[in-house]
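**Student:** Could you look at this predicted model? Sequence included:
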Amino acid sequence: MQPLPTAGSVIPKEEKLHFPISAEVFAILIRALRENNVVTNKYKNEVYEYMVHYVSTKQAETLRANSLIKKSYAERRAKDAAIDMLHELIKTIHEY
């Protein structure tokens, strides 16, 4: 992993990965990747700390790690949206 940006530095919007999903859905996906050992960093906080610097969602250009961790335990609506997105990804992979 690249080192985290220094305190006070900001990654320009055009250099971030942009996800057209809510922060809740993004957080659930990251949690699932960690818990299924797709992302194998030892500490969950470091995954979220890293991601918040390089990602924006449809609702937020700037994310906070602690907020994402809380959102990864989201309500049913966000879980359903994450599941729907994964189903679409699976369909696409089947077409390869």
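**Tutor:** In hand now; what should we look at?
**Student:** going forward, measure contacts between C-alpha atoms and count neighbours the same way
**Tutor:** Will do.
**Student:** isn't A74 right next to E24, touching?
**Tutor:** Yes - the pair A74 and E24 qualifies as a contact (Cα atoms under 8 Å) at a distance of 6.4 Å.
**Student:** So those two - more neighbours on which side?
**Tutor:** E24 (24 against 15; other Cα atoms under 10 Å).
**Student:** Spatially nearest residue to V39, not counting backbone neighbours?
**Tutor:** Distances taken as Cα to Cα, 6 or more residues apart in numbering put L33 closest to V39, at 5.6 Å, once the chain neighbours are dropped.
**Student:** Give the buried residues for stretch 31-46.
**Tutor:** Residues of stretch 31-46 classed as buried by neighbour count (16 or more other Cα atoms under 10 Å): R31, R34, K44.
**Student:** Could you do stretch 82-96 as well?
**Tutor:** Neighbour count says stretch 82-96 has A82 buried, by 16+ other Cα under 10 Å.
**Student:** Output the below-cut-off pLDDT ranges for the chain.
**Tutor:** 1-9 (pLDDT under 70).
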